[in-house]
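Peer 1: fold the stuff below for me.
(chains A, B, C and D)
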Protein chains: 2
Amino acid sequence: MAKPTIKDIAKECNVSLSTVSLVLNNNPRISEKTRTKVLEAVARHGYQPNVHARGLASRSSQAISVVVPNVNHIFADIYFGEIVSGIYERASDQGYKVLLDIANKQFIQTKEYLSLLKSKRVDGLLFIAASLKDDYLKDFVGEPCFISVNHYFPDTELNYIAVDYEDSARQAANHLMELGHKKIGLIAGTNTYTGLALRDAFIKECVSHGLSESDVPWVEGGDRWSQEEGYEAAGKLLKDHPDITAVMGGNDRLAIGAMAYAASQDIDVPGQLSVMGVDDIPAARFSNPSLTTVQHRLYDLGVLACERLINIFKGEIGQCHEVLPVDLVVRESTGPAKTA
Amino acid sequence: MAKPTIKDIAKECNVSLSTVSLVLNNNPRISEKTRTKVLEAVARHGYQPNVHARGLASRSSQAISVVVPNVNHIFADIYFGEIVSGIYERASDQGYKVLLDIANKQFIQTKEYLSLLKSKRVDGLLFIAASLKDDYLKDFVGEPCFISVNHYFPDTELNYIAVDYEDSARQAANHLMELGHKKIGLIAGTNTYTGLALRDAFIKECVSHGLSESDVPWVEGGDRWSQEEGYEAAGKLLKDHPDITAVMGGNDRLAIGAMAYAASQDIDVPGQLSVMGVDDIPAARFSNPSLTTVQHRLYDLGVLACERLINIFKGEIGQCHEVLPVDLVVRESTGPAKTA
DNA sequence: CCCCTTTGTTTAATCGCTTGACTTGCAATG
DNA sequence: CATTGCAAGTCAAGCGATTAAACAAAGGGG
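Peer 2: Predicted structure coming up:
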């Protein structure tokens, strides 16, 4: 029989349509006997309920969309892969499918992110790490079926979930200050609010421990948060402020770039210069010297983001403004400040 | 009005349900006048047809699933990102949505890849580069709504589309032989049929130009096709065959690893040893020396894979067994064989 | 002036499932 | 013994579109 329907199963079992449906939805009102009878017939025919009929009647599609930025080679960055994997994990074990969307011009101009919801294609959206200029996300204010992942917009009520960039900054600042560093250069990515938050929190923490703002000079890391940009930025930083004894990178790749610059100038790390980053990407462990950093569990972030979205679907929570703890990971690239 | 339906639009325009539907589906039998009247109402209400109602009635879902292997940090490899981006591009401009699936244990054991089709969740599937042991793909023999991307199974009728690994091998072999190399080491990934095809074609080409099989020793590259594995493999190769003057990597990462090994042993590339790879990943251009390689246009592969699948949906083609041309890219890492 | 096309629109059947309201049979209760 | 309560099912009304087939009006040819 081609494509059996619920009707075929019902007929074969001598029960009504609705009984089959109830069995399939684990309704407790069905006796164990009929239940197994039905399930056997289902297995025998390899029956799969039609997802559209189901979605139409139940007005939910058991699917979410994951939106990633339209960056060239987006997935070259482990960052997204990790989060997406986490999302996929939780989604599939909760019976949700994952749609992939890329926030390209068409997606934004046609407001496809809203169409997806209106057309019931998905029950909700997860936006991964947009940048400062993605203000179209404001369309989602008041819309519960949406969470911004690892990004947030100050002064809005948008749902978000992110790792704690401010605490990352504080832990990093304290680690360096405890090692005696009194003049610390910062390479900051400033095209995201989380990047800005990291920069500001870092400087603030330093100042609150007695350093002055001029003891914490910072330079722009660039939009791609890349190793190459870190290399450049470190050069600028050390040229303008030859007396800094430590460099803090806005992420690990910037930090690794900074170490590469140090190596190119025969500056010993950590002997003459301490360097640290944020994220704990795999490369951080294998760099030479291995990189001290603040670990962000991005896979877990993905898992949790998905979980919160589903929590919202189920009405278990009404909104989501959550921040995940981070951990300092001390490796070889940081050491006591050299005494002048 | 909450969530307008086709009925609301029809009422407002004083036309029937079907008229609106016909307009929405660009049926030419509707007059220009009614068409614009309807479209205006649609725009006014921000109406979006319910995807489930549509799918139920039209028995198609305008969505495809892209299945990637369950590899840790899968997206760390640019490889997949490129193909997926290409697929997304063509899918969205043809009005198809893209579902992301990961071929993990659950996905395979529950035969979810079949359920997706049976439940009409998607109209078709694109499997990206599975490995030798993924024989469950045989379930798709005779199933048109499926294409294996950059991978194929010999002796089956499975649809596939892939870059030309055999020609890659031939071009590489000829490039090295033209430079005078007479003893060439090969680092081969052997956990995919394409990897095996590359290895066999490379050796065959060399032999057909007068080398003997012992002039083309090969070692296993490992399952991850990684730089680290390339480093190891190069060591083994050069230890067992100190007289080789060139190394061919099964992909760029293996080749870059081999170059790293050469550097660690103060072997000059290309002065003492030529090294080349396959793929032309971005890093190939930036390695030192820059890497000679065979370019695989993976983004284009993704675009075409998606196009072929849609061709099949439309009945424009019945099957797909296609191979994409590749191009030799000569850079700095290969040179004339050193004369003994 | 009648019949036949053509063009534009409507009618109505369907797609396959969910779900609140209703039935039935039977054991327990007062 | 009539009544109540409950467990296990069934009924039937949607859900919101698509799409043959039917139909009405307008034009065209003889």
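
Peer 1: packing partners for the lowest-mean-pLDDT helix or strand in chain A?
Peer 2: Lowest mean confidence among the helices and strands of chain A (mean pLDDT, DSSP states H and E): helix A:282-286, at a mean of 86. On a contact count with 3 or more C-beta pairs under 8 Å, 6 or more residues apart in numbering or on different chains; DSSP states H and E, helix A:282-286 meets helix A:252-264. (Glycine included, C-beta is placed from N, CA and C.)

Peer 1: dump the residue contacts of residue A:269.
Peer 2: Going by C-beta atoms under 8 Å, 6 or more residues apart in numbering or on different chains, residue A:269 touches A:259, A:262-263, A:275, A:289, A:333.

Peer 1: for residue A:201, that is, sorry about that
Peer 2: For residue A:201, the contact set (C-beta under 8 Å, 6+ apart) comprises A:165-167, A:169-170, A:173.

Peer 1: and which of those residues is nearest residue B:233?
Peer 2: Nearest to residue B:233 among the contacts of residue A:201, counting by C-beta to C-beta, is residue A:165 at 40.5 Å.

Peer 1: how close does residue A:226 sit to residue A:256?
Peer 2: For residue A:226, the distance to residue A:256 (C-beta to C-beta, to the nearest Å) stands at 10 Å.

Peer 1: from the rest of the structure, what touches the least confident helix or strand of chain A?
Peer 2: With C-beta under 8 Å, 6+ apart as the criterion, helix A:282-286 contacts A:78, A:252-253, A:255-256, A:277, A:290-291, A:293, A:329, A:331, B:73, B:76.

Peer 1: report pLDDT for the residue of the stretch 151-300 of chain A found nearest DNA strand D.
Peer 2: Proximity to DNA strand D, evaluated over the stretch 151-300 of chain A using C-beta to the nearest atom of the strand, is greatest for residue A:159 at 25.1 Å. Looking at residue A:159, its pLDDT reads 95.

Peer 1: let me see the contact set for the residue of the stretch 151-300 of chain A found nearest DNA strand C.
Peer 2: Going by C-beta to the nearest atom of the strand, DNA strand C is nearest to residue A:159 of the stretch 151-300 of chain A, at 24.7 Å. By C-beta under 8 Å, 6+ apart, the residues touching residue A:159 are A:140, A:144, A:146-148, A:308, A:312, A:319-321.

Peer 1: and residue A:63, its phi and psi?
Peer 2: Dihedral pair for residue A:63: phi -150, psi 150, per degrees, to the nearest 10.

Peer 1: and it, what are its bridge partners?
Peer 2: When bridges are called by DSSP bridges, residue A:63 pairs up with residue A:97.

Peer 1: measure residue A:268 to chain B for me?
Peer 2: 21 Å (C-beta to the nearest C-beta, to the nearest Å).

Peer 1: what residues does the stretch 151-300 of chain A have near chain B?
Peer 2: Neighbours of chain B within the stretch 151-300 of chain A, by C-beta under 8 Å from any C-beta of the partner chain: residue A:282.

Peer 1: all helices for the stretch 51-200 of chain A, in order.
Peer 2: Using DSSP state H, counting those that start in this stretch, the helices of the stretch 51-200 of chain A run over A:51-58, A:78-93, A:105-109, A:112-118, A:165-178, A:193-208.

Peer 1: can you list contacts of stretch A:5-13?
Peer 2: Stretch A:5-13 is touched from outside by A:1, A:16-17, A:19-21, A:24, A:34, A:37-38, A:41-42, A:45, A:47, A:49-50, with contacts defined as C-beta under 8 Å, 6+ apart.

Peer 1: recalculate using a threshold of 7 Å.
Peer 2: A:1, A:16-17, A:19-21, A:37-38, A:41-42, A:45, A:47, A:49 (C-beta atoms under 7 Å, 6 or more residues apart in numbering or on different chains).

Peer 1: in that stretch, what's buried?
Peer 2: When neighbours are counted by 16 or more other C-beta atoms under 10 Å in any protein chain shown, the buried residues of stretch A:5-13 are found to be A:5-6, A:9-10, A:12-13.

Peer 1: now, which of those residues lie close to DNA strand C?
Peer 2: A:5-6 (C-beta under 7 Å from any atom of the strand).

Peer 1: out of the contacts of residue A:269, what pair is the most spread apart?
Peer 2: A:263 and A:333 (11.5 Å).

Peer 1: higher neighbour count, those two?
Peer 2: residue A:333 (27 against 13; other C-beta atoms under 10 Å in any protein chain shown).

Peer 1: which pLDDT value belongs to the more buried one?
Peer 2: Residue A:333 is given a pLDDT of 97.

Peer 1: next: residue A:75.
Peer 2: Confidence score, pLDDT, at residue A:75: 66.

Peer 1: before we move on, back to that, any chance of the contacts of stretch A:5-13 in a markdown table, with pLDDT, secondary structure and neighbour count too?
Peer 2: Output for the contacts of stretch A:5-13, formatted as a markdown table (pLDDT from 0 to 100; DSSP: H, G, I helix; E, B strand; the rest coil; neighbours: other C-beta atoms under 10 Å in any protein chain shown):
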| residue | pLDDT | secondary structure | neighbour count |
| --- | --- | --- | --- |
| A:1 | 57 | coil | 8 |
| A:16 | 94 | coil | 11 |
| A:17 | 94 | helix | 13 |
| A:19 | 96 | helix | 22 |
| A:20 | 96 | helix | 27 |
| A:21 | 96 | helix | 18 |
| A:37 | 95 | helix | 18 |
| A:38 | 96 | helix | 23 |
| A:41 | 96 | helix | 20 |
| A:42 | 96 | helix | 20 |
| A:45 | 95 | helix | 15 |
| A:47 | 96 | coil | 22 |
| A:49 | 97 | coil | 19 |
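
Peer 1: now tabulate the residues you listed in TSV and tack on distance to residue A:246.
Peer 2: Shown next, in TSV, are the contacts of stretch A:5-13 (distance: C-beta to C-beta, whole Å):
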residue	distance to residue A:246
A:1	71
A:16	73
A:17	70
A:19	70
A:20	67
A:21	64
A:37	71
A:38	67
A:41	69
A:42	64
A:45	67
A:47	64
A:49	60
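
Peer 1: hang on, isn't residue A:98 packed against residue A:67?
Peer 2: No: applying C-beta atoms under 7 Å, one finds residue A:98 not in contact with residue A:67, separated by 11.1 Å.

Peer 1: can you give me the neighbour number for residue A:338?
Peer 2: Residues near residue A:338, counting by other C-beta under 10 Å, number 15.
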